[in-house]
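Undergrad: Give me the fold of what follows.
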Amino acid sequence: MRQIALFTPATDYAAALIPELKKLVELRIFEETPKRFDPDEFAALVYVIGNASADLWIYEFALRHPGIVVLDEPDLHNVVREKSKDRPEAYFRELFYEIFGQEWDASRDAGLEITGQQPRTFSMLRRLLDHTEACIVNSRYVEGTVHMKGFRGRIARIPNGTFVRNLDGGPFRERLGIEKEQPLVGVFGDWWTGEELCEFLGVFRILLDHIPAARMLLAAAREEGSAIRDRIVELGMESKVDILNVPSPAEVDGFIAACDVVLNAQWPPPAEACAFSVRAFGLGKTVVAADFGVAREWPDNVCVKIPDGRYRDQVLYESLKWLLSSPRITAEIGSSASQWALENCTWSHTAQLFADFLASHSDAAPDASLSDDALRNYLRRWADPGTDRESYLNGHESRLIRTLQLTPAGAKSDRILEMGCYLQLTPALRNILGYGHIRGSYLGAQGRDLKLVHARDGEFFECAIDLFDCERDPFPYPDGYFAMVLCCELLEHLKQDPMWMMSEINRVLKPGGTLLLTTPNVVSLRAVRAVLLGVHPGFYNRYPDPQADRANNSKHEREYARGETSKLLDAAGFVVDHIETCPYSPLADPELAASLKWVADLLGSQKQPLNLRDECILAIGRKESLPKDLRPSWLYDSATSDDEPR
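TA: Modelled structure (predicted):
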């Protein structure tokens, strides 16, 4: 086998992986941009890229020479910010590409609005993935985000590695002046923001009232400003908290071994936090981690998981109080963590998985489980010929397939809500995407129904359907209950208060949870064609028969333009991750196809945008904050007039 070109920053990850990988494959390591490079000399190009500004050179090289990208977190926002540093327009162009999947053209994209500087939770992957042959990820969480970004190449799921060993932390406790029986909580890494760490220091201060002997260690290669020291002084904890610069990996491991508990509860946890957690597992230490991302996939007996939200600090306090109450508890959890690490993520095991993937890279086909054909065949198993279900599937096949392709994979512990649930794609949420808890909702008198559907081959699927009015009633779920909400073909039917529905979706989603919204595109080529021919552009523009069953009213109250969905998500407290359009079903009428081409040619001649002109809008948002504007002026009439006092 020819050499593998491995592009990597000089990190602890690289220092541990490379010696093991060299035992299995022939490697050439690049830790900076090569002056001369011929990609044809190598069997594969592998890019280990993190979300640090220092990784910009790897990002830019991977765009020029596509290869295999190793992602430990689904975000390169800091890298892209560095790339567009001090150039607001360049940053805007990257945001535009990330959301809409196209280059920004000022003369053609006026209707596609996005906000300015995005929060840390906004991921930046799409451009890199569009120049990538294959991906190596560390979890189903990252894999799901890569799929959500539209990547359809081959993906390998390979866990972070660790060294599993017993290491005496006694000498390191002595250096800190900590007695053998004193409880010690350690915080490691450079990722902490001053504000968040100050909050956890407040929790630790309350803990000292019950466990006065406890100590805390803040160990990092650099310090994040003076706010942390000021907070320690303010809380009167100068003798209880040690701040230590730890330059070498060996010393980091020693201080981890000295701790009873390793705290990595930042939300959302960056890759470095997850790597430190796995490192602590290998040393048999108890980890307290944020219940998010890859941590949700770790067994419950190897760590303690802290949910985000209003009760986070209380749960953290109670967890630390319990863990530090007895060395037996932390020893038991640490032992389980060490055993799990030995079975799943030693560096030798991780390197072997890398080598196996690289050996088969040139010959293996991408995972076909989410291909159009595979999903089409799956959906048709659940629709008997000649039934209403088959008729609906025929009219929505492309939309249903694309919805499943954009929905990130879930875990057995994840809950997903499908609003407007027709049970067309619902079985696939469990059987293909892996969600363990599935609920549906539908318009009706408040209550619950239980629906059962059968596949042609005898398989059956059962789902609880909650009945309520989504623009009037509080949703019958607690705050932060779902990891994912699908709101498909519902928005356009709302008559009075769409922001009520959007705010309730926000409420029932976990922090960082995902909403996938689909709705007809009022500026599609089909709609423009209708206007030009003097026909109403709406999909369902007729009144329902007054004598018919009003429960089956399919009339649309308001259809949305592609840019409006972005504004709607933003107003409801979501970071807009992705917007695209797709047809509802394959176009089979040659005459209609020719007519739509005529419309496209006409728009093109007028320098109007041709992208995002399919019939259905698919928009993905990630919960970031409380709703910002419950009555956006572009969507609601003002509550006052010029004649009324304001």
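Undergrad: Find the centremost residue of this protein, please.
TA: For the chain, T145 is the residue whose C-alpha lies nearest the centre (Cα atoms, centre = their mean; 4.9 Å).
Undergrad: Assign it to helix, strand or coil.
TA: When classified by DSSP: H, G, I helix; E, B strand; the rest coil, T145 comes out as helix.
Undergrad: mind checking pLDDT for the residue nearest to it when sequence neighbours are not counted?
TA: In space, not counting the residues next to it along the chain, T145 is nearest to P74; the distance is 3.5 Å by Cβ to Cβ, 6 or more residues apart in numbering. C-beta coordinates here come from the backbone N, C-alpha and C atoms, glycine included. In this model, P74 is scored at 85, pLDDT.
Undergrad: just checking, P74 touches N138?
TA: No - under the contact definition of Cβ atoms under 8 Å, P74 does not touch N138, with a separation of 10.3 Å.
Undergrad: picking that back up, so the residue nearest to the centre of the chain versus G293, what's the distance?
TA: Using Cβ to Cβ, to the nearest Å, one obtains 9 Å as the distance from T145 to G293.
Undergrad: Let me see the ranges of the helices in the stretch 451-600 of the chain.
TA: In the stretch 451-600 of the chain, helices defined by DSSP state H, counting those that start in this stretch lie at 498-508, 525-532, 562-571, 590-605, listed in chain order.
Undergrad: got these as TSV, with mean pLDDT and mean neighbour count columns?
TA: Compiled in TSV, the helices of the stretch 451-600 of the chain are given as follows (pLDDT from 0 to 100; neighbours: other Cβ atoms under 10 Å):
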stretch	mean pLDDT	mean neighbour count
helix 498-508	97	21
helix 525-532	92	18
helix 562-571	91	22
helix 590-605	91	13
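Undergrad: Minimum distance to N611: which of those helices has it?
TA: Distances from N611 to each of the helices of the stretch 451-600 of the chain were compared using Cβ to Cβ; the minimum, 9.0 Å, belongs to helix 562-571.
Undergrad: Now the closest one - C-alpha only, CSV.
TA: Extracted as CSV, the C-alpha positions of helix 562-571 are listed here (Å, rounded to 0.1, in the frame of the first residue of the first chain):
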residue,chain,number,x,y,z
ARG,A,562,-37.7,30.6,1.3
GLY,A,563,-36.2,33.6,3.2
GLU,A,564,-39.2,33.9,5.4
THR,A,565,-38.5,30.5,7.0
SER,A,566,-35.1,31.8,8.1
LYS,A,567,-36.7,34.8,9.7
LEU,A,568,-39.3,32.7,11.4
LEU,A,569,-36.8,30.4,12.9
ASP,A,570,-34.7,33.3,14.1
ALA,A,571,-37.7,35.0,15.8
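Undergrad: circling back: residue contacts, the residue nearest to T145?
TA: Residues near P74 by Cβ atoms under 8 Å, 6 or more residues apart in numbering: 123, 125, 141-142, 145-146.
Undergrad: Would you quantify the distance from the nearest residue to C198 once chain neighbours are set aside to I211?
TA: Distances taken as Cβ to Cβ, 6+ apart place R231 nearest to C198, at 4.3 Å, with adjacent residues excluded. Separation of R231 from I211 (Cβ to Cβ): 20 Å.
Undergrad: More neighbours: those two, which one.
TA: Residue environment comparison for R231 versus I211 gives the larger neighbour count to R231, 20 against 15, counting by other Cβ atoms under 10 Å.
Undergrad: Point out where the protein drops to low pLDDT.
TA: 1, 106-117, 120, 190-194, 221-225, 247, 362-367, 548-553, 639-646 (pLDDT under 70).
Undergrad: hang on, the earlier thing: would you convert the helices of the stretch 451-600 of the chain into JSON lines that also reports distance to I58?
TA: Converted to JSON lines, those look like this (distance: least, Cβ to Cβ, whole Å):
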{"stretch": "helix 498-508", "distance to I58": "36"}
{"stretch": "helix 525-532", "distance to I58": "40"}
{"stretch": "helix 562-571", "distance to I58": "30"}
{"stretch": "helix 590-605", "distance to I58": "38"}
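Undergrad: Could you work out which of these reaches nearest to G153?
TA: Put simply, out of the helices of the stretch 451-600 of the chain the one that sits nearest G153 is helix 562-571, at 26.5 Å, with distance taken as Cβ to Cβ.
Undergrad: picking that back up, of all the helices of the stretch 451-600 of the chain, which one is nearest R380?
TA: helix 590-605 (23.6 Å).
Undergrad: which residues are in contact with that closest one?
TA: With Cβ under 8 Å, 6+ apart as the contact definition, helix 590-605 has outside contacts at 525-526, 528-529, 532, 587, 609-610, 613.
Undergrad: Which of those sits closest to R439?
TA: Of all the contacts of helix 590-605, the one sitting nearest R439 is R526; the distance, using Cβ to Cβ, is 33.0 Å.
Undergrad: Contacts only, for the closest one.
TA: For R526, the contacting residues are 537, 596, 615, by Cβ under 8 Å, 6+ apart.
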